[in-house]
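Engineer: Sequence first, then the predicted structure:
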Amino acid sequence: KAGVTQTPRYLIKTRGQQVTLSCSPISGHRSVSWYQQTPGQGLQFLFEYFSETQRNKGNFPGRFSGRQFSNSRSEMNVSTLELGDSALYLCASSLGGRPITDTQYFGPGTRLTVL
Amino acid sequence: AQRVTQPEKLLSVFKGAPVELKCNYSYSGSPELFWYVQYSRQRLQLLLRHISRESIKGFTADLNKGETSFHLKKPFAQEEDSAMYYCALSVWNYGQNFVFGPGTRLSVLP
């Protein structure tokens, strides 16, 4: 079956703008998690949505937000972009159980560059 | 605080040599640990989780609670093992998903 897809794959924005990234999970998966990957901070957990509700949240400012639709597709939004928001944003989908028993499948990522 | 460390940024070994990628963690509770791998131009994918106690692609990892370690080992490295390896700690009980280590790039030389 099709894997996790993310759109767009590449984005260039300027400081102060906002951006919306999209993630389509594997069919049947109800959980979508978002991660930020940078050379300096590595892979960091942003938030997780399950059945249209935010279930878990990492330590990121309120400029980072997300939502999940009834078909489990998810979007994340970053408002008032800063240079430091330049990163690879990964999403991962799973059936919705704990990671210890339920594998998360990652998408290819969206590369965001903030100028 | 929950933390994962991987002391080596880059590890180079020759084909056929044993390999050990180190991972240490700090966690207040019963840890749930994972190894993820990212091959060149591929997605990040789960390699193994500590509860499975099985060998995946010849790799094994043992959770040592006394030393707070979860090192990844393979007795005979292959060139196709060259990749980026991330150790991850599930912090589900703290309202998050994973804390990832910084990663180790394994290069297996011919």
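Structural biologist: Done, it's in. Numbering: from 1, shown residues only, chains lettered A, B, ... in the order given.
Engineer: From here on, just use CA atoms for contacts and neighbour counts.
Structural biologist: Will do.
Engineer: ok, now which ones touch the most centrally placed residue in chain A?
Structural biologist: In chain A, the centroid-proximal residue (C-alpha atoms, centre = their mean) is A:Trp34; its distance is 3.0 Å. When contacts are counted by C-alpha atoms under 8 Å, 6 or more residues apart in numbering or on different chains, A:Trp34 is found next to A:Phe45, A:Leu46, A:Phe47, A:Glu48, A:Met76, A:Tyr89, A:Leu90, A:Cys91, A:Ala92.
Engineer: redo that, cut-off 6 Å
Structural biologist: A:Leu46, A:Phe47, A:Leu90, A:Cys91 (C-alpha atoms under 6 Å, 6 or more residues apart in numbering or on different chains).
Engineer: element containing the last one, please.
Structural biologist: Counting by DSSP states H and E, the secondary-structure element that holds A:Cys91 is strand A:87-94.
Engineer: neighbouring strands for that strand, and are they parallel or not?
Structural biologist: The pairing partners recorded for strand A:87-94 under DSSP bridges are strand A:31-38 (antiparallel), strand A:105-106 (antiparallel), strand A:110-114 (antiparallel).
Engineer: what's the spacing between that strand and its chain's center?
Structural biologist: 5 Å (C-alpha atoms, centre = their mean, to the nearest Å).
Engineer: Let me see the confidence value for the residue nearest to the centre of chain A.
Structural biologist: Confidence at A:Trp34, expressed as pLDDT, is 97.
Engineer: and what of A:Lys13?
Structural biologist: pLDDT, A:Lys13: 97.
Engineer: how about CSV for the strands paired with strand A:87-94, with distance to B:Thr60 added?
Structural biologist: Compiled in CSV, the strands paired with strand A:87-94 are given as follows (distance: least, C-alpha to C-alpha, whole Å):
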stretch, distance to B:Thr60
strand A:31-38, 26
strand A:105-106, 21
strand A:110-114, 32
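Engineer: hey, what's whichever residue of chain A sits closest to chain B bridged with?
Structural biologist: Going by C-alpha to the nearest C-alpha, chain B is nearest to A:Asn56 of chain A, at 5.0 Å. When bridges are called by DSSP bridges, A:Asn56 pairs up with A:Glu48.
Engineer: thinking again about what came up before, so which of the contacts of A:Trp34 comes closest to B:Ala83?
Structural biologist: A:Leu90 (18.0 Å; C-alpha to C-alpha).
Engineer: now the closest residue to the closest one other than its chain neighbours: how far from A:Gln41?
Structural biologist: Using C-alpha to C-alpha, 6 or more residues apart in numbering or on different chains and skipping the chain neighbours, the partner closest in space to A:Leu90 is A:Gly109 (4.4 Å). Distance, A:Gly109 to A:Gln41, using C-alpha to C-alpha, to the nearest Å: 16 Å.
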